[in-house]
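*Asks:* Sequence and predicted model, in that order:
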Amino acid sequence: MIEQTVKIIRISAGKATGESLSKSGCARCEAGEGCGGGIFSKLFGNKTFHIELQNQLNANIGEHIVIGLSERALTLGSLLLYLIPLIGLVFGAVIGDQLDANQGEFWTLLLSLTGFALNLGVVHLIVKNGILVNLFKPVMLYRASSVNYCSK
């Protein structure tokens, strides 16, 4: 389970809205000693995200709650967003290469981009129609006892 701490800022009709600051990397990155992810945080600033959750823990405003998303959801989301368009790109390139054996790379390029765009459209429809929406919903896990949450 991938976990994140949020601060509850609003409660209404069995739902709670949590607020979380985006993080640009690990503690070393934030201190400027890592790969450089902290540089982006300093350049673009930390952004605050809001997420609506089912209030399973009967949380109150101001409480810090740990929410979680399953690794399965992250893996499936990655496959959906990256692998499906990539498959369209590769299949389009292979088909274009077979059609365009003697004439250069025009059809290969055109069909690879078309395959990419079509599969990206399929992903967009899956996300837009909410087919997998329940899989990607985080849930409240437990109340956080000590939190490193800071709001600017």
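*Replies:* Perfect, I can see it now. Model, not experiment: these values are computed from the prediction. Numbering: from 1, shown residues only.

*Asks:* average pLDDT across whichever helix in the chain runs longest?
*Replies:* With secondary structure taken from DSSP state H, the chain has its longest helix at helix 106-128. Averaging the model's pLDDT scores along helix 106-128 yields 90.

*Asks:* again, but for stretch 13-31
*Replies:* Computed over stretch 13-31, the mean pLDDT rounds to 72.

*Asks:* rewinding a little: show me which positions of the longest helix of the chain end up buried.
*Replies:* By neighbour count on 16 or more other Cβ atoms under 10 Å, the buried set for helix 106-128 is 107-108, 111-112, 114-116, 119, 123. For glycine as for every other residue, the C-beta is placed from the backbone atoms N, C-alpha and C.

*Asks:* what's it packed up against?
*Replies:* Packing partners of helix 106-128 (3 or more Cβ pairs under 8 Å, 6 or more residues apart in numbering; DSSP states H and E): helix 84-99.

*Asks:* who does the helix it packs on touch, helix- and strand-wise?
*Replies:* Under the contact criterion of 3+ Cβ pairs under 8 Å, 6+ apart, the helices and strands touching helix 84-99 comprise helix 106-128.

*Asks:* Following the chain past the helix it packs on, name the next helix or strand.
*Replies:* Sequence-wise, the next helix or strand downstream of helix 106-128 (DSSP states H and E) is strand 139-143.

*Asks:* how far is the longest helix of the chain from where the chain is centred?
*Replies:* The offset between the C-alpha centroid of helix 106-128 and the centroid of the whole chain comes to 20 Å, using Cα atoms, centre = their mean, to the nearest Å.

*Asks:* The chain should start at 32 in everything you say after this.
*Replies:* With the count now opening at 32, the last piece we talked about shows up as helix 137-159.

*Asks:* hmm, back to that, closest to residue 106 out of the buried residues of helix 137-159?
*Replies:* Using Cβ to Cβ, residue 154 is the member of the buried residues of helix 137-159 that sits closest to residue 106, with 15.2 Å.

*Asks:* check contacts around that closest one.
*Replies:* For residue 154, the contacting residues are 111-112, 115-116, by Cβ atoms under 8 Å, 6 or more residues apart in numbering.
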